[in-house]
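> prediction below, plus the sequence it came from.
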Amino acid sequence: MICASVPRTDVPCVDAKALNDRVRGAYLGLAVGDALGASVEFMLPHEIKANMGVHRNIVGGGWLHLKAGHVTDDTEMSLALGEAILADGGFSALGIARAFDAWLKSKPIDVGHTVRRAIVRFRSQGLTQMPLDDFDAGNGAVMRALPVAIATLGACPDDVARAAKLQAHVTHNAPLADLGLMAVVRMTQCALRGKEDAFLEMGRIAQGLREQAREYDFTKRRMENPSAFLPETLRAVFQAFLETDTFEAALIDVVNRGGDADTTGAILGFMAGALHGESAIPERWLKGLNAEVRKRCKRQALSLLQMSPMIGGEAVSFMDA
Ligand code: MN
Ligand code: MN
């Protein structure tokens, strides 16, 4: 299939400095959201309130006994995925599966059930794409979707969807989750492009998802204590994101809902970071992040951007297809 990238003439005034700020903001937002949310993961909103009032600082702790400024699987798997994309110069299911396998061997602090099961199947059967399973609609492939959104920025929609699903299906393959995944990737790319009406357009994409599948209807009851079931995760993320207007307010809103808070924090963090840029992330959170994590996020963000059709001008490459 021929699927040309969007010629760079379509984006005549890419402001490189502003684009770099948004791409770094997205990656740092992911890590900050993960680090902030991990302290209150699996807590109920009233427990958070009783223990810390409003949770607003990166202090570590939580059920993982995380060191302050450290991150969990959400950020670590994103970095592993990003490294695989950079090493392969494109998208290889085998390259990604190997990267996740190596990550699991490094004895990470936490691993989702679906992710672990998939990596075990890769080891035993060589499977790099999971078979369709409607019970796989967890949030584990969406929490690490950012590297694909950056690396395929400016690509045609078919290539974006193909790359996003290829990485997701290494561990999760559920049509309901794919719908949510695509909405998140499109919203993130919309934010990264930096048009003036990006926030409104992101809201329209979220509304479109809600019309595609009622599980994602975020307009009804306030979502508290969201589980790892993607529709619950995204209902909390969309409510917090669309009802606030700064990076800080949005992230504080979502993590104080408790539940899978490191993952709602991670997803909201990269979407809001993409919209508002690194310069909008509070200094105390950037400084609070582990220095090595901060450095890797910034570097990877810019490297992935360099290979995107928007900057690199090359179409997206797919291997082992
Ligand atoms: Mn996590
Ligand atoms: Mn989580």
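Good, I have the coordinates. Ligands and ions are numbered 1, 2, ... in the order given.
> state which one residue of this structure is found closest to ligand 1.
Across the chain, no residue is closer to ligand 1 than residue 72, which sits at 3.2 Å (Cβ to the ion). (Glycine included, C-beta is placed from N, CA and C.)
> against residue 293, how distant is that residue?
When distances are taken as Cβ to Cβ, to the nearest Å, residue 72 and residue 293 turn out to be 11 Å apart.
> same thing with residue 254?
Shown here: residue 254 relative to residue 293, a distance of 20 Å by Cβ to Cβ.
> which of the three states applies to residue 14?
With DSSP: H, G, I helix; E, B strand; the rest coil as the basis, the three-state label of residue 14 is coil.
> around ligand 1, pick out the residues from the chain.
The chain comes close to ligand 1 at residues 72, 73, 74, 262, as judged by Cβ under 5 Å from the ion.
> now the helix or strand hosting the third one: how far from the chain's centre is it?
Using DSSP states H and E, residue 74 maps to helix 73-88. Computed by Cα atoms, centre = their mean, to the nearest Å, the chain-centroid distance of helix 73-88 equals 11 Å.
> same check, this time on stretch 146-153
On the basis of Cα atoms, centre = their mean, stretch 146-153 sits 10 Å off its chain's mean C-alpha point.
> again with stretch 211-224
The chain centroid and the centroid of stretch 211-224 are separated by 20 Å, computed with Cα atoms, centre = their mean.
> if we can go back for a sec, quick one: which of residue 72 and residue 293 has more around it?
Neighbours were tallied for residue 72 and for residue 293 using other Cβ atoms under 10 Å; the higher tally belongs to residue 72 (25 against 21).
> confidence score at the more buried one?
The predicted structure scores residue 72 at 98 on the pLDDT scale.
> also residue 3?
At residue 3, the pLDDT value in this model is 59.
> begin at 2 from here
New numbering, starting at 2: the last item is residue 4.
> as a check, name the ranges of all helices in the stretch 52-201 of the chain.
Along the stretch 52-201 of the chain, the stretches classed as helices by DSSP state H, counting those that start in this stretch are 74-89, 94-106, 114-126, 147-152, 158-169, 176-194, 199-213.
> which of those helices sits closest to ligand 2?
Set against ligand 2 and scored by Cβ to the ion, these come closest in helix 74-89, at 6.3 Å.
> so what secondary structure elements neighbour that closest one?
Judged by 3 or more Cβ pairs under 8 Å, 6 or more residues apart in numbering; DSSP states H and E, helix 74-89 is in contact with helix 17-39, helix 94-106, helix 147-152, helix 262-277, helix 292-308.
> repeat that for 10 Å
Secondary structure elements in contact with helix 74-89, counted by 3 or more Cβ pairs under 10 Å, 6 or more residues apart in numbering; DSSP states H and E, are helix 17-39, helix 94-106, helix 147-152, helix 158-169, helix 262-277, helix 292-308.
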